[in-house]
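A.B. asks: sequence and predicted structure below; questions after.
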Amino acid sequence: MNEQETSAIAGGREEFRLHPAIRWVVGGAVYFWALIFLVLLLLPADIPWHTYVSAVFFIALFTLVLIFYNGLTIVADQYGVTYRGLLSFRNYPYETVLKVDAKPGITGIVNYHVVTRRGMLYFSSFIANHRRLMEIIIDRAGLHRGRR
């Protein structure tokens, strides 16, 4: 049994973050559009102004997405599940969890819906070890005993 499994059985704390490959792709998009903007600046002057605006827009868009995703963390500990986003913080004790659904999307992305008395918790397969997170929630909320 590895350390993560031992920690989960004992009710330890585990953090779940965005899959690293997605961070690399979004970060690569920032660099790609920055390179496009640099090339536009070095080209002769017959380029319409809205082309520069478009490049700046995509740099800003992917930078904001990267900041948002880097701030996203879901923590499972002995008390419940805590969602920490860029501007939000929500705690869901296991005893408030009523149901967990996993719904595959058209693109192959799995969306998880955790229904609690405190509201909904959503996460997707963009989160590394998302299946493990779902299993922890189901196990610690007692849903495997028929409440699922």
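C.D. replies: Done, it's in. This structure is a prediction, so every number in the text was calculated from the model and none was measured.
A.B. asks: I'd assumed K103 was in a helix, is it?
C.D. replies: No - under DSSP: H, G, I helix; E, B strand; the rest coil, K103 falls outside any helix and is assigned strand.
A.B. asks: not counting sequence-adjacent ones, nearest residue to it?
C.D. replies: Among residues not flanking K103 along the chain, N111 sits closest, at 5.0 Å (CB to CB, 6 or more residues apart in numbering). No exception for glycine: its C-beta is placed from N, CA and C like everyone else's.
A.B. asks: pull up the pairing partners for the helix or strand the one you found falls within, direction included.
C.D. replies: Using DSSP states H and E, N111 sits within strand 110-116. If you go by DSSP bridges, strand 110-116 pairs up with strand 97-104 (antiparallel), strand 119-124 (antiparallel).
A.B. asks: which of those strands sits closest to T82?
C.D. replies: strand 119-124 (9.7 Å; CB to CB).
A.B. asks: quick one: low-confidence parts of the protein?
C.D. replies: Counting by pLDDT under 70, the chain has low-confidence residues at 1-11, 145-148.
A.B. asks: tell me where it has strands.
C.D. replies: With DSSP state E, the ranges of strands along the chain come out as 14-17, 73-76, 80-84, 89-93, 97-104, 110-116, 119-124.
A.B. asks: quickly list the domain ranges of the protein.
C.D. replies: Split into domains by automatic domain parsing, the chain comes to 3-18+72-142, 24-68.
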